[in-house]
Each structure stands twice: as C-alpha cells, then as structure tokens.
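Novice: I'd like to go over a predicted model; first the sequence, then the structure.
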Amino acid sequence: MDVTTCRLDGPVEFVSIGRFVSGPGWRHARRTIDSFELMFVRRGELPIRVGAREMHVGAGEIILLPAGVEHAGIDIITDDLEFYWMHVRLPATRAVSESDIPQDDRILIIPDRSRIPDPDRVAVLCGQMIDLYARFGPHRNVYCDYFATTLLLEISAQMRSVIAVPAQDAPQTGIVGIRTDGRPILASDVAVAGRWHGGVSEDLSNPIRLAMLAGRDDRALLGTGVGNAQPVPYGNRQAGLAPMLAVRAWIMANATDDLTVAGIAARFHYSPSYLTAMYKRVFGVGVVEQIAEYRIDRARELLSSTTSPVADIAREVGYADPKYFMRVFKRRTGLTPGQYRAAFPKRLYNSV
C-alpha cells in the first residue's frame with residue numbers, strides 16, 4: 001500500500017465537497033485539477049484511471065487523487081453508484097510505502113487506495129462536512145478548513161490502527177493496539193513495559209499485555225494481587241490480538257444483521273463466555289456494545305444523508321422495534337434520531 005503523508009502544523013485548505021449519486025450509464029469525465037481529491041465509495045463500483053493506473057474502486061474504499069494528475073472514467077457504470085468526494089490542498093506531501101509510515105501522529109497519512117476499517121464513521125463526517133459547506137461556503141473559511149482536517153485525521157487514525165503487527169522474528173515496530181483514550185500503543189511502549197517487568201520478552205499479540213498497556217487494571221485482568229502478577233509467557237498467541245481483530249471486522253461487516261453473542265462465538269469456534277471476556281480485554285468494550293456502536297454509526301449516516309422514516313432506518317440497521325432503537329440511539333448520542341437529523345439539514349448532491 002502506497003501512502004501520501006504530510007505534516008500538519010495547521011488545518012488543511014478545504015476547497016469543496018459533495019455526494020455523487022447516479023444510476024447506470026454515467027462515466028467519469030477526464031480532467032486534471034490543482035488540488036487533491038479524496039473519493040470515498042459508499043455503494044457500487046467506481047471505474048477510474050488515475051494517471052496510468054486503472055482501478056475499480058468498490059464500496060468501503062477510498063482513493064486519493066494527486067493534484068495535477070489526470071484522472072478519467074474507464075468504463076460506463078452498469079449499476080447504481082454513490083460516493084463522497086472532497087477537494088483539499090495539502091501542505092508539502094511525501095509518498096511512502098506502508099513500511100515507512102512515520103509514527104508521529106501529527107503527520108497525516110492517507111493511502112492512495114485502501115478499504116477503511118470503519119466506513120460508517122467516515123460517512124457521518126462527510127455528511128456533516130457537506131452540511132457545513134452548504135451553510136458557510138462556497139468561499140473558504142476556517143470552520144470548513146478545520147473540519148476537513150478532522151475528517152482526514154479520522155481516516156489517518158483508522159489506517160494507523162490497522163498497520164500490520166510485524167512477524168515474531170522481525171524487529172517489532174509500529175502500532176500494536178489502541179489505548180482506552182484512543183491513543184496508539186506502540187511496540188516501543190511494549191518494550192519499555194517489558195523492562196519494567198524484569199526484562200521478560202513480551203508477546204505483542206497477547207491481549208492481556210495490550211490491555212495492561214492500554215491503561216486497564218492488570219489485577220482485574222490477571223485475577224491476582226499486585227504481588228502475584230506475573231508477566232505473560234512469550235509465545236502465548238492462542239488468545240492474541242489478531243483473532244479478536246478478525247471478530248471485530250466480521251461484526252462491523254454484519255452488524256445490521258440479526259446477531260447474537262452465541263452466534264458470533266459459534267462462527268469463530270469460541271464459547272460465548274470466552275469470546276465475551278477476551279473481546280472486552282482486547283478492546284475495552286463488550287460484544288453487545290460493539291454491535292450497538294456499529295448500528296448507531298450506520299443510523300447516523302442514514303439520518304444525515306436520507307429522508308427515510310426513523311422506523312425504516314431502525315429496521316435497516318438491525319432493530320425490529322423502533323422505540324427500542326430510539327432509546328439506544330439517545331443513550332449513545334444524547335439526541336433523539338429526530339434531533340440528530342435536524343442538526344444537519346442541509347445537503348449537496350451532484351449527478352454529473
């Protein structure tokens with residue numbers, strides 16, 4: 001994966017944003033622009049050429065089009081297509097490979113093309129950005145500059161969170177987990193923690209060690225008092241981070257279906273009690289709460305981008321009872337669905 005990076009000493013320069021929707025028969029025009037363009041596909045497939053590279057960008061993927069590089073459609077679309085687009089001017093950029101991504105979180109990282117881990121969060125921010133642009137545009141203003149920066153930082157943080165943990169025999173660097181306050185756990189943090197625990201080598205995939213680094217109580221996790229707490233033996237990868245990441249990715253992709261903890265556990269060959277305990281140790285949130293989080297994120301996006309009735313949205317995101325959905329939504333957001341929708345009433349669409 002190739003990545004565009006730039007250091008943020010202030011906000012990016014926002015230019016414009018929109019949500020494109022079209023049925024079959026459309027083809028992207030050929031053009032060259034003087035700003036970067038971020039494209040985020042929500043539905044369908046976008047056939048596009050960027051320079052000499054041809055791509056078919058699917059739902060949940062983003063691409064970054066460099067300034068000054070020609071891009072054009074390579075096919076006429078045959079199905080419905082929906083994507084968000086945003087034009088921005090970035091400070092001095094540098095292209096790097098995934099292995100060379102800087103760990104400084106003041107450096108923005110945007111992949112040239114990638115599937116993003118949590119597309120609903122990005123869709124909500126895109127909807128809010130469109131609303132701000134409708135209210136305060138079309139001229140440049142600091143409000144839009146900073147919100148566009150927030151959107152790009154969200155993508156950057158998501159991409160940092162899924163940088164692969166290095167192999168056991170390779171030098172261990174990069175991000176190996178996320179703390180409860182949202183900050184990354186670096187391999188260097190684990191190394192320092194190992195020295196504090198007598199220099200014992202640490203298993204970076206072990207969820208208990210990552211949970212301890214994330215700021216959770218090691219006595220609660222290990223079931224011991226302070227004097228009895230022991231370092232986790234090296235090589236205990238059976239209950240590692242990677243399996244729980246797979247579970248979380250599956251929950252994210254299927255959150256609006258009729259999910260149960262027992263059903264998820266059976267799919268991944270765990271007992272429900274083991275899955276529940278291990279998932280919470282790794283991520284600090286329970287499986288049921290995780291399902292609700294992804295459903296409400298999707299509901300936010302639908303409330304801010306469609307005029308569908310609340311009852312229909314409730315069913316679409318997995319709640320058969322609209323009243324229960326409204327209670328869950330208000331508990332998680334502090335607003336009723338109607339209040340949330342009223343907060344972002346303005347929308348911009350284009351289909352050419």
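Specialist: In hand now; what should we look at?

Novice: Run through the stretch 201-350 of the chain and note the low-pLDDT ranges.
Specialist: When the per-residue scores of the stretch 201-350 of the chain are filtered using pLDDT under 70, the ranges that remain are 201-240, 344-350.

Novice: repeat that for 90
Specialist: Using pLDDT under 90 as the threshold, the predicted model of the stretch 201-350 of the chain has low-confidence ranges 201-246, 248-250, 252-253, 280-285, 297, 300-307, 332-335, 339-350.

Novice: Residue 258: what's it in contact with?
Specialist: Residue 258 makes contact with residue 318 under the criterion Cβ atoms under 8 Å, 6 or more residues apart in numbering. Quick note: C-beta positions are derived from backbone N, CA and C, even for glycine.

Novice: A strand includes it, no?
Specialist: No: counting by DSSP: H, G, I helix; E, B strand; the rest coil, one finds residue 258 to be coil, located in no strand.

Novice: backbone phi and psi for the closest residue in space to residue 262 that isn't next to it in sequence, please?
Specialist: Closest residue in space to residue 262, ignoring its immediate chain neighbours: residue 272 at 5.0 Å, by Cβ to Cβ, 6 or more residues apart in numbering. Backbone torsions of residue 272, given as degrees, to the nearest 10, read phi -60, psi -40.

Novice: Am I right that residue 272 is in contact with residue 265?
Specialist: Yes: the pair residue 272 / residue 265 is scored as a contact, 4.4 Å apart, by Cβ atoms under 8 Å.

Novice: Stretch 281-289: which residues count as buried?
Specialist: By 16 or more other Cβ atoms under 10 Å, the buried positions in stretch 281-289 come out as 281, 282, 283, 287.

Novice: do stretch 47-58 as well
Specialist: Using 16+ other Cβ under 10 Å as the test for burial, stretch 47-58 gives 47, 48, 49, 50, 55, 57.

Novice: what sits against the residue most central in space within the chain?
Specialist: In the chain, the centroid-proximal residue (Cα atoms, centre = their mean) is residue 118; its distance is 3.2 Å. Under the criterion of Cβ under 8 Å, 6+ apart, the contact list for residue 118 reads 158, 252, 294, 297.

Novice: Looks like the second one contacts residue 116 (just checking).
Specialist: To tie it back to what came earlier, the one meant is residue 252. No: under the contact definition of Cβ under 8 Å, residue 252 does not touch residue 116, with a separation of 10.6 Å.

Novice: This structure: strands as residue ranges?
Specialist: 2-7, 13-22, 36-43, 45-50, 53-58, 61-65, 71-73, 81-89, 93-97, 107-111, 113-115, 175-178, 184-186, 349-350 (DSSP state E).

Novice: Least confident of the ones you listed, on average?
Specialist: Among the strands of the chain, strand 175-178 carries the lowest mean pLDDT, a mean of 47.

Novice: Just the ones of the buried residues of stretch 281-289 in helices?
Specialist: With helices taken from DSSP state H, the overlap with these comprises 281, 282, 283, 287.

Novice: returning to what we had before: out of the buried residues of stretch 47-58, flag the one nearest to residue 9.
Specialist: Closest approach to residue 9 among the buried residues of stretch 47-58 (Cβ to Cβ): residue 50, at 27.8 Å.

Novice: where's that closest one relative to residue 115, distance?
Specialist: To residue 115, residue 50 is 17 Å away according to Cβ to Cβ, to the nearest Å.
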